[in-house]
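**Student:** I would like the atomic coordinates for the input below:
(one chain, ligands or ions: 2)
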Amino acid sequence: NQEMKNKLHTGVNNFGKNNTTPTTTRMSRRARVASDVRQKCAAYVLALRPWSFSASLTPVALGSVLAYKLEGSVDLLILMVCAVTVLVVHGAGNLVNTYYDFSKGIDHKKSDDRTLVDEILAPQDVVMFGALLYSLGCLCATLLYFLSTMKLEHLALIYFGGLSSSFLYTGGIGLKYVALGDVVILITFGPLAVMFAHAVQVGYLSVLPLVYAVPLALNTEAILHSNNTRDMDSDKHAGIVTLAILIGPTLSYVLYNFLLFVPYVLFCILATRYTISMALPLLTLPMAFSLEKQFRSRFYAKIPQKTAKLNLLMGLFYVFGIILAPAGSLPLL
Ligand SMILES: CC(C)=CCC/C(C)=C/CC/C(C)=C/CC/C(C)=C/COP(=O)(O)OP(=O)(O)O
Ligand SMILES: Cc1cc(O)c2ccccc2c1O
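**Tutor:** Numbering: from 1, shown residues only. Ligands and ions are numbered 1, 2, ... in the order given. Presented below is the predicted three-dimensional model:
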């Protein structure tokens, strides 16, 4: 601010000496303010870690498409509001993570998340943005209550379940710090989000989305597990415990393979026993083999982002496979 004040001051003093008109001085000041606003907005967007949004968008797509198969139609407005709700709660969870990892000294100069370490944003900005997102999420959930036929107690149970998980992952007791982060991710990004998206469409809770969520949930957990394996040494140094630390690098590799390949086994079973369209996600197998190789060679740096990319593609193929399945060919329990 002081620098900007000095520059503006100089600009005014130079007026008349170097042909600077008041208009250009005002324009450059406006341009600089606009550029500052743009930089700040970009910093806020990056702090949300948008590369990970596939993890919450694919369960919404899956839940909605299951509702379409069951009820024959989906309400597009409900789908949009539901996607925004889940995205906003997910984003807020990422901000809570940024804030607590920084205040506990877990994030450092070499961390993936350097929003606070590099002073790109102030801790107070992150807190305010997180509170804003949680408020927006509550507003969207209220809107969903009026748009859908879901009972208030059911909607509140799932929505606040998602909201509390997103906060408690690193806030409060900090489930991530006591090796429970993997369970949180497995449940929230899988059954909870799929059930939420399905229930707001059909108006009731069902076990069907929980079963269909399994392959996607495993793949999403692979993102987190690769992230925790990469950060194993620095997390150990910071004094926290993750599943990757508990089981060590070799078993971590075994677990990553389990999370990566079991969904493909399930797709093979669905394709051979029910309908061939469920073989569509198998198109992503080459990506999975390439990731397995990188994990085996311990080139962890880009694996979480690449696994998120695989997650998006696999999720989309899964959803298209369900859409293309002939009527009555899918197991509806
Ligand atoms: C059902 C409803 C309404 C919402 C569900 C919405 C979701 C999916 C919420 C989950 C939010 C959540 C648990 C976010 C945490 C995100 C996360 C896994 C961050 C990664 O944390 P670290 O493991 O610390 O990674 P870094 O090391 O990169 O910081
Ligand atoms: C599922 C999921 C979701 C996220 O937002 C993540 C953010 C950073 C690192 C890992 C993440 C993750 O595994």
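**Student:** going forward, measure contacts and count neighbours with C-alpha atoms only.
**Tutor:** Will do.
**Student:** Tell me the buried residues in stretch 105-122?
**Tutor:** In terms of neighbour count (16 or more other Cα atoms under 10 Å), stretch 105-122 has its buried residues at Ile106, Asp107, His108, Asp113, Arg114, Thr115, Leu116, Val117, Leu121.
**Student:** how about the second one, secondary structure?
**Tutor:** Classification of Asp107 using DSSP: H, G, I helix; E, B strand; the rest coil returns coil.
**Student:** got the contact list for it?
**Tutor:** Contact analysis of Asp107 by Cα atoms under 8 Å, 6 or more residues apart in numbering lists Asp101, Asp113, Arg114, Val117.
**Student:** roughly how far apart are the last one and ligand 2?
**Tutor:** What that stands for is Val117. Separation of Val117 from ligand 2 (Cα to the nearest ligand atom, to the nearest Å) stands at 16 Å.
**Student:** unless I'm mixing things up, that residue is touching Lys109, no?
**Tutor:** Yes - contact criterion Cα atoms under 8 Å: Val117 and Lys109 qualify, at 6.4 Å.
**Student:** mind checking which helix or strand the closest residue to Asp75 other than its chain neighbours is in?
**Tutor:** In space, and not counting its chain neighbours, Asp75 is closest to Gln201: 6.7 Å by Cα to Cα, 6 or more residues apart in numbering. In this assignment (DSSP states H and E), Gln201 forms part of helix 193-202.
**Student:** is any part of that helix close to ligand 2?
**Tutor:** No - applying Cα under 6 Å from any ligand atom, one finds helix 193-202 separated from ligand 2 by no less than 12.0 Å.
**Student:** Return the distance of that helix from the chain's centre.
**Tutor:** For helix 193-202, the separation from the chain centroid amounts to 18 Å (computed by Cα atoms, centre = their mean, to the nearest Å).
**Student:** go on, stretch 174-193?
**Tutor:** For stretch 174-193, the distance to the chain centre is 12 Å (Cα atoms, centre = their mean).
**Student:** Count the neighbours of the nearest residue to Met195 once chain neighbours are set aside for me.
**Tutor:** Using Cα to Cα, 6+ apart and skipping residues adjacent in sequence, the residue nearest Met195 is Pro209, 5.4 Å away. Around Pro209 sit 26 other residues, with neighbours defined as other Cα atoms under 10 Å.
**Student:** other SSEs contacting the host helix or strand of Pro209?
**Tutor:** Counting by DSSP H and E, the element that carries Pro209 is helix 208-230. When contacts are defined as 3 or more Cα pairs under 8 Å, 6 or more residues apart in numbering; DSSP states H and E, helix 208-230 sits against helix 54-71, helix 181-187, helix 193-202, helix 243-273, helix 303-324.
**Student:** and that helix, which residues are buried?
**Tutor:** Buried positions in helix 208-230, judged by neighbour count with 16+ other Cα under 10 Å: 208-210, 212-230.
**Student:** Out of the residues you listed, which are close to ligand 2?
**Tutor:** Restricting these to those touching ligand 2 (Cα under 6 Å from any ligand atom) yields Thr220, Ile223, Leu224, Asn227.
**Student:** ok, so what distance separates the third one from ligand 1?
**Tutor:** Note on Leu224: its distance to ligand 1, by Cα to the nearest ligand atom, is 6 Å.
**Student:** ok, now which ones touch that residue?
**Tutor:** By Cα under 8 Å, 6+ apart, the contact set of Leu224 is Asp182, Ile185, Pro304.
**Student:** Would you mind listing what in the stretch 1-150 of the chain touches ligand 1?
**Tutor:** Ser56, Val86, Val89, His90, Gly93, Asn94, Asn97, Asp112, Asp113.
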